[in-house]
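>>> requesting a structural model of the entry that follows:
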Amino acid sequence: RAATAIQTRWRGFLAHEQYVMYRAATKIQTRWRGLLAYEQYGMYRAATAIQARWRGFVPREQYLMYVAARRIQARWRRFVPREQYLMYVGARRIQRRWRGVLARERYLACVATTLIQARWRGFLAREQYVMYRAATAIQTRWRGFLAHEQYVMYRAA
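Presented below is the predicted three-dimensional model:
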């Protein structure tokens, strides 16, 4: 009867130790995942800020150039004969089409950037999943080892 009481206490102690180890591992994993998420969020915010600045910069520059061009053009048209004005209209059409080409190129660059970012985030997610699987495998092996040790102790008793 005393042996049973000792065994009960010992098993309770081992179970408590296992629980403490489990809680510690869980806390470490939680902190690590939080750190990774915080870093990813920081990178996302930085990329978003850069994109916002760039998207604002280009249209502002284009607008300033457009305003300057209109002022110059308005003054020039007062002195240019009709034939030269018609050439101007043709040039404007070419410019408009060229701006369309540039806009398409910027759009494709944006799409490519988005694709790269998506691939990078997928890579990070896969890396995190591999780490999670490795931690789970280690925990599984450790718990199996402890269970085997308990079984051996139980059989020995």
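
>>> low-confidence stretches in the chain?
Across the chain, the ranges flagged by pLDDT under 70 are 80.

>>> all helices of it, in order?
Assigned helices in the chain, in chain order: 2-77, 82-156 (criterion: DSSP state H).

>>> and the longest one, how far out from the chain middle?
The offset between the C-alpha centroid of helix 2-77 and the centroid of the whole chain comes to 7 Å, using C-alpha atoms, centre = their mean, to the nearest Å.

>>> kindly report the same for the shortest one.
The chain centroid and the centroid of helix 82-156 are separated by 7 Å, computed with C-alpha atoms, centre = their mean.

>>> next, format the helices of the chain as TSV and append mean neighbour count.
No exception for glycine: its C-beta is placed from N, CA and C like everyone else's. Shown next, in TSV, are these (neighbours: other C-beta atoms under 10 Å):
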stretch	mean neighbour count
helix 2-77	11
helix 82-156	11
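
>>> residues contacting Ala25?
Taking C-beta atoms under 8 Å, 6 or more residues apart in numbering, we find Ala25 in contact with 135, 139.

>>> how near is it to Gln150?
Counting by C-beta to C-beta, to the nearest Å, the gap from Ala25 to Gln150 is 19 Å.

>>> and Glu105, by the same measure?
Separation of Glu105 from Gln150 (C-beta to C-beta): 67 Å.

>>> now do Arg1
Arg1 is 21 Å from Gln150, by C-beta to C-beta.

>>> how about Pro81?
For Pro81, the distance to Gln150 - C-beta to C-beta - is 102 Å.

>>> do Thr114 as well
With distances taken as C-beta to C-beta, Thr114 is found 53 Å from Gln150.
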